[in-house]
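Chemist: Compute the structure for the input listed below.
(one chain, ligands or ions: 1)
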Amino acid sequence: MSAVTSFPADARPLLEVRQLSQVYNLNRQKLFAPRPKLKVLDSIDFSVRPGEAVGLVGESGSGKTTLTRMLTGVERPGDGQVLYDGVDVWTGGEAHRKLFRRSVQVVLQNPRSSLDPRMRVGTSLLEPLRSLKIEGDHGTRVLEVLDQVGLDKNALERFPHEFSGGQLQRIAIARALMPGPKVLIADEPVSALDVSIQAQVLNLLKDLVRDLGLSLVFIAHDLSVVAYTTSKVYVMSSGKIVEVGKPLDLFRTPQAEATQALVGAVLSVEAGLAGNALA
Ligand SMILES: Nc1ncnc2c1ncn2[C@@H]1O[C@H](COP(=O)(O)OP(=O)(O)OP(=O)(O)O)[C@@H](O)[C@H]1O
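Modeler: Residues are numbered from 1 along each chain as shown. Alright, predicted model coming up:
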């Protein structure tokens, strides 16, 4: 298991949430009854430093997607703060919000649904530059980014259906890189891919952290893929961060019940594979 550790240990956080909480109103059980409330995020502290790769792991429904929506500025927190480079993204002014939107980019689980099937890849790659109103030599930028993700320039003229899942995820990563982000948020980036190509995409993400000095937030429910890609892991359960640690320490001495369950899930898959190999 190799981890990514090439960031200055004393650097201050680049993207950070402090004491973040969010409550949703659920549907009434009975007419005129008060709407029940669900605390989806409960006093979350989370941060990633420049060039650092951190993981966010937790069982289904633990709050990972909701926290991701906060980290990307899609949803405003009920309580607490989201800070980019030390400044609150909701109260820090329009110029800072623009910088934040450009600097934090996302890669989603399924590249087939995140890329427009009617758009040529070249057009899709230019899209973030248009929507963020970024000027410059876009043609050169596209070629530079294609090279960073290991794709040929012939890809530009083609449509998404002409690519495999792994190639499409490379294109989705390329699109996220186009605005020159400082932080990449990867939300279950390999769970929709064939197991045989998952490692290639994980290695690409690790290379980008190393070569571009990107910060990575890697979100998944599988502790083993998070451990492979990151040097620090936050474990979520029922809207709370229940444990933070180095991947190897979490595997060796998991403290929280949720961490023990995630480790157990990995070990039972491995035991199943070993059993099959012996059969
Ligand atoms: N808009 C909403 N209104 C009410 N409840 C919601 C809403 N969005 C999410 N929830 C609830 O909040 C909790 C956390 O959901 P969230 O999607 O953040 O978890 P998750 O860890 O990402 O799960 P998964 O891995 O299955 O995507 C769940 O109980 C979910 O049902």
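Chemist: going forward, measure contacts and count neighbours with C-alpha atoms only.
Modeler: Fine.
Chemist: which SS state does residue 185 fall under?
Modeler: Following DSSP: H, G, I helix; E, B strand; the rest coil, the label given to residue 185 is strand.
Chemist: For the one helix or strand residue 167 maps to, name the packing helices and strands.
Modeler: Taking DSSP states H and E as the criterion, residue 167 maps to helix 165-177. Other elements packing on helix 165-177 under the criterion 3 or more CA pairs under 8 Å, 6 or more residues apart in numbering; DSSP states H and E are strand 104-107, helix 111-114, helix 121-131, helix 138-148, helix 195-212.
Chemist: rank these by pLDDT, which is bottom?
Modeler: Mean pLDDT per stretch puts helix 111-114 lowest among the helices and strands packed on helix 165-177, at a mean of 84.
Chemist: And that helix, what's buried?
Modeler: Of the residues in helix 111-114, 111, 112 count as buried by neighbour count, 16 or more other CA atoms under 10 Å.
Chemist: Check which helices and strands that helix sits against.
Modeler: Helices and strands touching helix 111-114, by 3+ CA pairs under 8 Å, 6+ apart, are helix 165-177.
Chemist: which other residues reach the helix it packs on?
Modeler: 105-107, 110-112, 114-115, 121, 124-126, 128, 145-146, 148-151, 160, 184, 189, 193-194, 197-198, 200-201 (CA atoms under 8 Å, 6 or more residues apart in numbering).
Chemist: Buried ones from the residues you listed, can you make that a PyMOL selection?
Modeler: Buried residues within these, by 16+ other CA under 10 Å, are selected in PyMOL with:
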select buried, resi 105+106+107+110+111+112+115+121+124+125+126+128+145+146+148+149+151+160+184+189+193+198+201
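Chemist: For the ligand, which of the helices and strands packed on helix 165-177 is the nearest?
Modeler: Evaluated with CA to the nearest ligand atom, those place strand 104-107 nearest to the ligand, the distance being 14.5 Å.
Chemist: who touches that closest one?
Modeler: With CA under 8 Å, 6+ apart as the test, strand 104-107 has contacts from 72, 172-173, 176-177, 181-187, 189.
Chemist: Go back to the residues you listed and keep what's next to the ligand.
Modeler: Contacts with the ligand within the contacts of strand 104-107, counted by CA under 6 Å from any ligand atom: none were found.
Chemist: pLDDT and distance to residue 18 added to those residues, as CSV?
Modeler: Converted to CSV, these look like this (pLDDT from 0 to 100; distance: CA to CA, whole Å):
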residue, pLDDT, distance to residue 18
72, 94, 14
172, 96, 29
173, 97, 28
176, 97, 25
177, 97, 26
181, 97, 22
182, 97, 20
183, 98, 18
184, 98, 19
185, 97, 18
186, 96, 21
187, 94, 21
189, 93, 25
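Chemist: And those residues, which is closest to the ligand?
Modeler: residue 187 (9.1 Å).
Chemist: got the contact list for the closest one?
Modeler: Counting by CA under 8 Å, 6+ apart, residue 187 touches 65, 68, 106, 107, 108, 109, 218, 219, 220.
Chemist: Who does it form a beta bridge with?
Modeler: Residue 187 has these beta-bridge partners by DSSP bridges: residue 219.
Chemist: Across the sheet, point out what pairs with residue 20.
Modeler: Beta bridges link residue 20 to residue 44, judged by DSSP bridges.
Chemist: Distance of it relative to the ligand?
Modeler: Residue 20 is 13 Å from the ligand, where distance means CA to the nearest ligand atom, to the nearest Å.
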